[in-house]
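Novice: Return atomic coordinates for the entry below.
(chains A, B, C and D)
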Amino acid sequence: MNALADAVPKFDIPTIEYAALAPILIVLGAAVVSVLVEALLPQRYRRSTQLVIVFAALVGAFVAVVAARGTQQIVAMGSVAIDGPTLFMQGSILVLAAIAALVMAERKVDPAGDSFAPRASALPGSEDEQVFTRLGWLQTEVWPLFLFCVGGMLLFPASTDLLTMFVALEVLSLPLYVMVGLARRRRLLSQEASLKYFVLGAFSSAFFLYGTALLYGYAGTVSLSGIADALTNSAGDTGLVLAGVGLLAVGLLFKIGAAPFHQWTPDVYQGAPTSITGFMAACTKVAAFGALFRVLYVALGGIRWDWRPMMYVIAALTMIVGTLFALTQTDIKRMLAYSSIAQAGFMLVGVVALSSQGLQGTLVYLVAYGIATVGAFAIVTLVRDSTGEATHLSQWAGLGKRSPVVAAAFALFLLAFAGIPLTSGFTGKFAVFTAGIQGGATPIVVIGVVASAVAAFFYVRVIVLMFFNEPQAEGGPSVVIPSAFTTLAITVAVALTVVIGVLPQLVFTLVSQAGTFVR
Amino acid sequence: MNPANYIYLSAVLFSLGAFGVLVRRNAIVVFMCVELMLNASNLAFVSFARIHGNLDGQVIAFFVMVVAAAEVVVGLAIIMTIFRTRRSASVDEANLLKY
Amino acid sequence: MSPFSGAVTHAAEAAPAVTAATGTFQLIWLLIALPLVGAAILLLAGRRTDKWGHWLGLLASTASFVVAVLLFVAMLGQSDDQRTQVQHLFNWIAVGTFDVPVDLRLDQLSMTFVLLITGVGSLIHLYSVGYMSHDRDRRRFFGYLNLFVASMLLLVLADNYLLLYVGWEGVGLASYLLIGFWFFKDSAAVASKKAFVVNRVGDVGLSLAIMLMFVTFGSVSFEGVLGSASKGSQQSMTWIGLALLLAACGKSAQFPLQSWLLDAMEGPTPVSALIHAATMVTAGVYLIVRSGAIFDASLPARNAVIVVGAITLLMGAIIGCAKDDIKKALAGSTMSQIGYMILAAGLGPVGYAFAIFHLLLHGFFKADMFLGAGSVMHGMNDGVNMRRYGALRTVMKVTWITFMMGWLAILGIPPFSGFYSKDKIIEAAWSVSPVAGLVTLVGAGITAFYMTRLFAMTFHGEARWTDDVHPHESPWIMMFPIAILALLSAVAGFILNLNNAFVDWLKPVTGLEEPQLPFSSAVLPIAAIILVLIGAVLAWIPYATRAVPEVAPAGNLLTRAARADLYGDAANEAVFMRPGQYLTRWLVWFDNRVVDGVVNGTAATIGGLSGRARRLQTGFARSYALSMLGGAALVAAALVLVRL
Amino acid sequence: MTNSYWLLALLVVPLVGAALVMLVPKANETLAKQLALLISLVTFGLTIAMCLEFVVAKAAEFQFAYSISWVSNYNINFALGVDGIALVLIALSTSLVPIVLLAGWHDADGARGTVRGYVALILVLEAAMVGVFAATDLFLFYVFFEAMLVPVYFLIGRYGGPRRNYAAVKFLLYSLFGGLLMLASLIGLYVVSGNLTGHGTFDFTSLAALSIDPTTQKWLFAGFFIAFAIKAPLVPFHTWLPDAAAESTPGTAVLLVGVLDKVGTFGMLRYCLELFPDASHWATPLVIVLAVIGIIYGALQAIGQTDIKRLIAYTSVSHFGFIALGVFVMTSQGQSGSALYMVNHGFSTAALFLIGGFLISRRGSRLIADFGGVQKVAPVLAGTFLVAGLSSLALPGLSSFVSEFLVLVGTFERYTWVGVVATLGIVLAALYILLMYQRTMTGPVPEAVAEKVHDLRGREVLAIAPLLVVIIALGFYPQPVLDVVNPAVDRVMHAVGSTDPAPQVAPVAEGTHK
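Specialist: Here you go, the predicted structure:
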């Protein structure tokens, strides 16, 4: 206990592996530039400039990910792991974020502009707001927020110590809290969602942090491999470990929306601007699952028999709760929110599989789910009446008659959610269930199978509404013809959904190259 | 003094914070309770640093403070907005989204 | 050369040697093919053939008869042990050891039937040309008739039980179609369905019998089964025999499956004559006689046959006594007469040949009388109520005389046909069991009563015609077949009995034993004739010499029961139909409410659960925080529990 | 081994055809129908040509094999191949499609969806049906098994009757439920194969060669069997069928009941028995009881129905009882009978549904009580209906008899009393068919019938005639089909280790027929 006294303080110059960190750095750098753009450029140039920056950053980062393929090392002085899973997740996040960004960039479907409040500070319904709307001002601050958020997401699954992970968690969360509150329409709901998300998010990160503190107390370090070593040596108080793991898990499970930490999900998904909902549903889930896997497999692999039953319970509960609650929803966004909870439950099967197959299965599932989710929410933005998006299910009746193509695309996404073969969703389900049974988690797979059968009901119900029912009488919603942005987003999502469904080997090849975590 | 006692204190503070989140309605107070939980963590970090005799815990505490500060910025902004809209800072009144 | 040439060698015990059909015998398939083609053309070509369809039908049937005669002549030219000819056509079903070819077997027994079917059949075709001349669907009628002839021939020519089953069901189908020929009458439609369904109950017997045969002998061919019948266990033989008896009961309207035959009179009269008197209904007798080896191996089965025959014999006779509908009275008589045959068949080798002999002669005289009844109806505006007949001998002389031949034949007055066969049956029955003998004797008396009643009510006594009826004789085209049948009724028995010609002809197939009687064989014919005369006189006095009331008197208990078919239908209704209806109605409810209810109920329960559960999502952030805290506790608890 | 492209062609032609049909302008309905008919005829022609290439002597092997790697991570191949049983079922499928298209020429007119969509869905379904019978990789089988649901779901939901939503959803969810249980078993099987041999596989032949321990077999069997029991359907999983069949167009009902449901019994025969022989023997008593209950119960239900299409659907429940019975009695007669029954039932039910459909569309009502005396106004319609009905009640001489009798014999030789009870079904069959015939076709003609019901026209006769020809032809000469089926059944029998019981009395040596 005299480290300070006798050691000559040495300061090692940290080494930073820029190539490996490039994706994160590019996005975060772009975010900074984006902030500067907000500060310096006049209003009318901002939007186009921001879009250039965003897409350039996303593409550049993706190129960097591809360039870094095969890397399997711990960088940034032991804080960040750039390994197969990281790169795969970063790549997926970037692709999903790009698709989501396309939807966010849409400004044709809402006659008043894009889908964000022109000035978030203006009171809903106030004169100010009307002026801003009349002037056609657009909210461009969402783009730096978006970039920071993506940056956090890229870092989150790559973190190899709990502190970096915590910082990444906050970097991805804080912008999201804000973005959720930026909806142009139904601002009351949007703000409420924002508040709830913030309060609960902060609450959960406090748990995460305290858990970190306890694990630090146990191991004397917050690095994942350090914790793993400590566990192997069984040094210290196991009570601290168990409590620490429990609290840590709360933070992580909150982000993936697992029951019983899921209750924010429907409220936030419903209140948030739909394009943001799609983005966070898809990307946050990938990032959070990455972090969960890394913590559980790298740091806590040694006590897997301790946390496995807990994850069993959580997985089963998540599947059941998500499915059960979704059954009677009447709002499409809320329904998709509960569906995302149920899907998280299926993905957790990959976690309890305790194997690299489980990891790979979940990764495939995440990609499949993310693509379908972004696509589905993109379509939700298109179905509108005079007050904005028409999200009540009854308003979707007969959509197949009026807009067969859009309805067909939505039906495809729904079938993917339901896990019908030849769609991406089946590929994902097959992969996690296989891993689950291989890992000896057969009971949980059976629960999953039954839950997916029940879950099929609410997906199918929407198809029934769209295709088998008569449209509402006059005044019902209609499908707006979007600009190239959303069209491209939906097209890409449809194409990927089909390709992953029909030729699953493509994604399996990718994911098996992802290999395992570096320690 | 046994550094373990600081740990117990931090646990008590954390619990108080969590309890506060559950019982208080005012968003600002709720938020302060969250801050209390974060600071309880800080206390735990520095105490453990003391116990383990390495500096990591203390450094972490600084990181946490920075993050908490950022959280305050975002949090207060959100609470402000909703207060202006609703003329109330009660977390219970924001109750349109349910079921 | 037939395209279906083939040789079959069977090793059979006891049974006569089998010869692969060559020469003329390769024409066997033509017997079936001719009427089948006729039926196909008539039924498929539709109204285009309306003009000449009936002639085509007649031609097909007659051509088949000609082939039959050719084959008969050819068979007569063979020695006894060369008379069983088998023609292999093609392989039908072969799975594992279950190997059933389509083989046709022509021996003395089937030859007899072939001649009866094509001969009487052709006559009835001819009769129908006249009888149905006013029906716009006459072509369809002939199509069905041809179909019937083809099926019936298949039934008697099949060389295995499964192929027999095809013919068996084919005649059932034809019967169904013909009973319901006037389908626009509800009663006809219902009667036809009833006939088919009741027959199906019998078919269960035939199906089971065939399956039992396969399980027991590994074969369903006549050779394979009958050749080894003596080796099977008695239990198996009994079951097979009972199953066959059930089949026979269905097809031949024997107790307890008799109820359809009376309703079957809804069909046109030629149908009643051909199918429900002369041929199809006797298929049960054929089946039992053909399967004699089985019954020879099981006394219980044989006794069951006798009991069924005896009960039906009396039942039919009693019903016949009470019916005022001429066709139903005749139908009751048919039941009763087939009861004789079944009983005879149950007697074993002492009775087989006589069962067939009676069957053949019955075919003649019953067809004669049915056609006569048709002729009467033809002249009476299709009225069937004998209480509105009377004194028809004055206006329908030919019908009267021909009918009289039939009447005398069925009464068994020597030398008319019935005497030769019925008498032998009574004798055989006595030799086996005095009870059976007594029943046959009493039956003969009752037969005399109801036939005399029928004959007297129709042709004698006073005219009780309704005002709009102007009875007249039928055209020659109808009277010619009747005349031939009347002739056969009169003399066929005598001729065929000369030197025991018929029985000897059948003997190689059916076997033959002389009945051993405890008393002189002269006693029984005399007793029978006395009983017949008593019965006839008892009927003649009230129905020919006194006025017959135009409305049936209430009658005593027995009469009322007989009018209600001895409550056969009532029993069916009470035991099967009513409970069946309740059962199906209940089951439909059960399926909708319970089975489907469980399915929908599960869905509803889950939905209801969901509706309740989503209330947990209160919208209060603090309650969400609470559940998170609870979750944290859960997680911690789970972790700690594992450690424990 | 070189790949044969026959089966691939049978898959691709209808799929490409469906795409082509969707390119036809929406307004030009006739062209879409004609094109679809042409494509289905081409597919049928290909099937015939393929059947002629089939080597009957090797009918137990998978012929026309085609295999490429699909998902190599899981050792999944896109592997096709047919044995005798699959061959006849594919022939059934591709022959019914043109008939359905022709018979249902106006079925989709004025429906919610477009006509081109209707015919395209039918072609997609055709491809899926071929695929499900031709797959020799279990994963591929599963994919087709589930993918098949989608076109049917849309066919019912978009083109069906008043309660189509309910029926379509019920059908989909019920089937999906079974399918997902099968998925769990399928994955389990893969994992087991991985544990036993070192590398997991979905290849049928390799899986059938495994010897899995009996307990595991039971669990895996249960997953497969429930899926197939729902599909077939066996009582008590049958209640979706009457709804689905009654609400769909006649053509859809034909494909649904005539072909799709056969996947259930086909699956029992091919997959349950061969993959899990021990478990199959273990489950035999239960299955047999269910099957016999199905025979009697389905028939009684049919008798009690007031709706023509529901009635026909319930007759199928009864028939599926027979088929399942034949499969599980483990005798060659039973199993060959079942295989043949699948084909025969396809044709006879097709005829019943199509002619029933003609009748219903004319009168505008499905209720039996709304009919009467049709034979008077539409004799050809009535006559064809009667033949179809007689085939359904297994009249000897018509096709169903042969198969039904084989099943009964096969049952009887092993389970005498079961055979006896099942045989009672033939009486009930007569009742339900003839009661319906009596109530609809005979008796006095109600005014509405006289006005609306006219006889079959050329197109309809053209569609029905081949069915009736096949029904009669297979009644008198089923041997070609049996010759193809028997070797495959022998393979199954060998796999489950069953032999036919010997007769009590050694059979007399009979001469061989030359």
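Novice: going forward, measure contacts and count neighbours with C-alpha atoms only.
Specialist: OK.
Novice: Check the offset of stretch D:148-158 from the chain's centre.
Specialist: 17 Å (C-alpha atoms, centre = their mean, to the nearest Å).
Novice: Secondary structure element for whatever residue of chain B ends up closest to chain C, which one?
Specialist: Per C-alpha to the nearest C-alpha, the residue of chain B with the smallest distance to chain C is residue B:98, at 4.1 Å. Secondary-structure element containing residue B:98, defined by DSSP states H and E: none, the residue being outside all helices and strands.
Novice: any idea how far it lies from residue C:606?
Specialist: Residue B:98 sits 20 Å away from residue C:606, going by C-alpha to C-alpha, to the nearest Å.
Novice: Can you show me the helices along chain B?
Specialist: Along chain B, the segments classed as helices by DSSP state H run B:3-23, B:27-52, B:56-86.
Novice: for those, which one ends up most surrounded?
Specialist: Using mean count of other C-alpha atoms under 10 Å in any protein chain shown, the stretch among the helices of chain B with the greatest mean number of neighbours is helix B:27-52 (a mean of 24).
Novice: related to what we said a few turns ago, what sits against the residue nearest to the residue of chain B closest to chain C when sequence neighbours are not counted?
Specialist: With C-alpha to C-alpha, 6 or more residues apart in numbering or on different chains as the criterion, residue B:98 has its nearest non-adjacent residue at 4.1 Å, and that residue is residue C:619. Contact partners of residue C:619, counting by C-alpha atoms under 8 Å, 6 or more residues apart in numbering or on different chains, are A:267, B:94, B:95, B:96, B:97, B:98, B:99.
Novice: Go ahead and build a ChimeraX selection from the buried members of the residues you listed.
Specialist: This is how ChimeraX selects the buried members of those, with burial counted by 16 or more other C-alpha atoms under 10 Å in any protein chain shown:
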select /A:267 /B:94,95,96,97,98,99
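Novice: For the helices of chain B, give me JSON lines that also has distance to chain C and mean pLDDT.
Specialist: What follows is these, written out as JSON lines (distance: least, C-alpha to the nearest C-alpha, whole Å; pLDDT from 0 to 100):
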{"stretch": "helix B:3-23", "distance to chain C": "5", "mean pLDDT": "92"}
{"stretch": "helix B:27-52", "distance to chain C": "9", "mean pLDDT": "93"}
{"stretch": "helix B:56-86", "distance to chain C": "14", "mean pLDDT": "91"}
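Novice: do you know which of these lies nearest residue D:505?
Specialist: Nearest to residue D:505, of all the helices of chain B, is helix B:3-23, at 85.8 Å by C-alpha to C-alpha.
Novice: can you tell me the residue of chain B closest to chain D?
Specialist: For chain B, the residue closest to chain D is residue B:99, as judged by C-alpha to the nearest C-alpha, at 24.9 Å.
Novice: and which of the contacts of residue C:619 is nearest to residue D:427?
Specialist: Closest approach between the contacts of residue C:619 and residue D:427, by C-alpha to C-alpha: residue B:99, at 56.1 Å.
Novice: Local confidence estimate at the closest one?
Specialist: Looking at residue B:99, its pLDDT is 82.
Novice: Report the contact partners of the residue lying closest to residue D:208 once chain neighbours are set aside.
Specialist: Of all residues beyond its chain neighbours, the one nearest residue D:208 is residue D:275 (4.8 Å), with distances taken as C-alpha to C-alpha, 6+ apart. Residue D:275 makes contact with D:207, D:208, D:209, D:210 under the criterion C-alpha under 8 Å, 6+ apart.
Novice: Likewise for residue D:325?
Specialist: Residue D:325 sits next to D:287, D:288, D:291, D:292, D:334, D:407, D:411 when contact means C-alpha under 8 Å, 6+ apart.
Novice: again, 7 Å this time
Specialist: Listed by C-alpha atoms under 7 Å, 6 or more residues apart in numbering or on different chains, the contact partners of residue D:325 are D:288, D:291.
Novice: Same question for the one 3 residues further on.
Specialist: Listed by C-alpha under 7 Å, 6+ apart, the contact set of residue D:328 reads D:284, D:288.
Novice: What distance do you get for it to residue D:483?
Specialist: On the measure of C-alpha to C-alpha, residue D:328 and residue D:483 end up 21 Å apart.
Novice: same question, residue C:187
Specialist: According to C-alpha to C-alpha, residue C:187 and residue D:483 sit 46 Å apart.
Novice: Determine which two of the contacts of residue C:619 are furthest apart.
Specialist: Across the contacts of residue C:619, the two members that end up farthest from each other (C-alpha to C-alpha) are B:94 and B:99, 13.8 Å apart.
Novice: any idea whether the residue nearest to residue B:98 is helix, strand or coil?
Specialist: Of the three states, residue C:619 takes coil under DSSP: H, G, I helix; E, B strand; the rest coil.
Novice: which outside residues touch stretch B:40-49?
Specialist: In this structure, residues lying in contact with stretch B:40-49 by C-alpha under 7 Å, 6+ apart are A:209-210, A:213, A:217, B:3, B:6-7, B:10-11, B:13-14, B:55-58, B:61.
Novice: Kindly report the same for stretch A:136-154.
Specialist: Outside stretch A:136-154, the residues that touch it by C-alpha under 7 Å, 6+ apart are A:24, A:27-28, A:31, A:34-35, A:38, A:46-47, A:50, A:90, A:112-114, A:116-119, A:168-169, A:171-173, A:175-176, A:179, A:284, A:287.
Novice: Stretch C:351-368 now?
Specialist: With C-alpha under 7 Å, 6+ apart, stretch C:351-368 has contacts from C:116, C:273-274, C:277-279, C:282, C:289, C:341, C:344-345, C:403, C:406, C:409-410, C:417-418, C:421-422, C:424-425, C:428, C:482, C:485-486, C:488-489, C:493, C:503, C:506, C:510, C:512.
Novice: please redo it, this time with the cut-off set to 6 Å
Specialist: Identification of contacts with stretch C:351-368 by C-alpha atoms under 6 Å, 6 or more residues apart in numbering or on different chains yields C:273, C:278, C:289, C:341, C:344-345, C:406, C:421, C:482, C:485-486, C:489, C:503.
Novice: Over to stretch C:456-469?
Specialist: C:380, C:386, C:388, C:389, C:390, C:391, C:392, C:393, C:543, C:544, C:545.
Novice: Around the third one, how many other residues sit close by?
Specialist: Residue C:388 is surrounded by 21 other residues when neighbours are defined as other C-alpha atoms under 10 Å in any protein chain shown.
Novice: how near is it to residue C:463?
Specialist: Summarising the geometry, the distance separating residue C:388 from residue C:463, computed by C-alpha to C-alpha, is 8 Å.
Novice: returning to what we had before: please tabulate the contacts of stretch C:456-469 in JSON lines, including the columns distance to residue D:104, pLDDT and secondary structure.
Specialist: As requested, the contacts of stretch C:456-469 are arranged in JSON lines below (distance: C-alpha to C-alpha, whole Å; pLDDT from 0 to 100; DSSP: H, G, I helix; E, B strand; the rest coil):
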{"residue": "C:380", "distance to residue D:104": "51", "pLDDT": "83", "secondary structure": "coil"}
{"residue": "C:386", "distance to residue D:104": "54", "pLDDT": "81", "secondary structure": "helix"}
{"residue": "C:388", "distance to residue D:104": "55", "pLDDT": "82", "secondary structure": "helix"}
{"residue": "C:389", "distance to residue D:104": "56", "pLDDT": "85", "secondary structure": "coil"}
{"residue": "C:390", "distance to residue D:104": "60", "pLDDT": "79", "secondary structure": "coil"}
{"residue": "C:391", "distance to residue D:104": "62", "pLDDT": "80", "secondary structure": "coil"}
{"residue": "C:392", "distance to residue D:104": "59", "pLDDT": "82", "secondary structure": "helix"}
{"residue": "C:393", "distance to residue D:104": "62", "pLDDT": "83", "secondary structure": "helix"}
{"residue": "C:543", "distance to residue D:104": "64", "pLDDT": "84", "secondary structure": "helix"}
{"residue": "C:544", "distance to residue D:104": "66", "pLDDT": "80", "secondary structure": "helix"}
{"residue": "C:545", "distance to residue D:104": "69", "pLDDT": "82", "secondary structure": "helix"}
